[in-house]
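Asker: sequence first, predicted model second:
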Amino acid sequence: MKDVPLFQAVIVPHRSLSPAALKRLLAVICIMCSASAGIFVWLGAWPVGGFTGIELLLAAFLFRLNSRAVRGSELVMLSGNGLRVLRTDPRGRKSEITLQPGWLNLVVEERPGRVPGLVLVARDVRVEIARSLGEDEKRDLAEALAAALDRMRNPRFDNPQLRD
């Protein structure tokens, strides 16, 4: 009975482009940059061609890093055994933190000009969760997790003998 999940959320980073769309976008960027670099080389500004090549390599590298980051995930699960936070990084390495929900506080840290942080605080331990979510999603997750913690700490028992 203790292993039954009372709350579970799987958090994955948002992916804005599919792999095929990413290839099409890179192809369009290459065509446009090559056309503009070609014009500059034709006009005699030949160093522009080299810098454009470096720019294209950098853009491809950054898009690759972004698509790799999508492979990470985070699982937040509340059960009778505690609150587990299981993280998987883009390389597939896993780390797990288990917190006892009795004294657990859920804090939404406001950060001026930035997305707020969602932090679990239990005694000396502070764990930030859902880093990849936006502000609205974090607030929804905080509300749902707080409600689940409240239901766990304050169970409602249905006794038919006490009904009117």
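Answerer: In hand now; what should we look at? Numbering: from 1, shown residues only.
Asker: so V76 is in contact with E128, correct?
Answerer: No: look at V76 against E128 with Cβ atoms under 8 Å: they stay out of range, at 11.7 Å. C-beta: built from backbone N, CA, C; applies to glycine.
Asker: neighbour count: those two, which is higher?
Answerer: V76 (23 against 12; other Cβ atoms under 10 Å).
Asker: and G38, how far is that from G44?
Answerer: 12 Å (Cβ to Cβ, to the nearest Å).
Asker: out of the two, which sits in the busier spot?
Answerer: Each of G38 and G44 has its neighbours counted (other Cβ under 10 Å); G38 has more, 13 against 7.
Asker: where's that one, which helix or strand?
Answerer: Under the criterion DSSP states H and E, the helix or strand holding G38 is helix 19-42.
Asker: any buried residues in that helix, and which?
Answerer: Of the residues in helix 19-42, those scored as buried under the neighbour-count criterion (16 or more other Cβ atoms under 10 Å) are 22, 26, 33, 37.
Asker: next secondary structure element downstream of it?
Answerer: Next helix or strand after helix 19-42 toward the C-terminus (DSSP H and E): helix 47-69.
Asker: and the angle from that following helix to helix 19-42?
Answerer: Direction vectors for helix 47-69 and helix 19-42, defined by axes from the mean of the first three to the mean of the last three Cα atoms, to 10 degrees, enclose an angle of 170 degrees.
Asker: list the buried residues for helix 47-69?
Answerer: By neighbour count on 16+ other Cβ under 10 Å, the buried set for helix 47-69 is 48-49, 52, 56, 63.
Asker: ok, now stretch 84-92?
Answerer: Here stretch 84-92 shows 84-85, 87-88 as buried, counting by 16+ other Cβ under 10 Å.
Asker: dump the C-alpha coordinates for the helix holding G38 into PDB.
Answerer: Extracted as PDB, the C-alpha positions of helix 19-42 are listed here (Å, rounded to 0.1, in the frame of the first residue of the first chain):
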ATOM      1  CA  PRO A  19      13.900  16.300 -36.300                       C
ATOM      2  CA  ALA A  20      12.700  16.800 -39.900                       C
ATOM      3  CA  ALA A  21      11.700  20.400 -39.300                       C
ATOM      4  CA  LEU A  22      15.100  21.000 -37.700                       C
ATOM      5  CA  LYS A  23      16.800  19.700 -40.900                       C
ATOM      6  CA  ARG A  24      14.600  21.900 -43.100                       C
ATOM      7  CA  LEU A  25      15.300  25.000 -40.900                       C
ATOM      8  CA  LEU A  26      19.100  24.300 -41.100                       C
ATOM      9  CA  ALA A  27      18.800  23.900 -44.900                       C
ATOM     10  CA  VAL A  28      17.000  27.200 -45.200                       C
ATOM     11  CA  ILE A  29      19.600  28.900 -43.000                       C
ATOM     12  CA  CYS A  30      22.500  27.400 -45.000                       C
ATOM     13  CA  ILE A  31      20.900  28.500 -48.300                       C
ATOM     14  CA  MET A  32      20.300  32.100 -47.100                       C
ATOM     15  CA  CYS A  33      23.700  32.500 -45.500                       C
ATOM     16  CA  SER A  34      25.500  31.000 -48.600                       C
ATOM     17  CA  ALA A  35      23.600  33.400 -50.900                       C
ATOM     18  CA  SER A  36      24.500  36.400 -48.900                       C
ATOM     19  CA  ALA A  37      28.100  35.200 -48.400                       C
ATOM     20  CA  GLY A  38      28.300  34.600 -52.200                       C
ATOM     21  CA  ILE A  39      27.300  38.100 -52.900                       C
ATOM     22  CA  PHE A  40      30.000  39.500 -50.600                       C
ATOM     23  CA  VAL A  41      32.700  37.200 -52.000                       C
ATOM     24  CA  TRP A  42      31.700  38.300 -55.600                       C
END
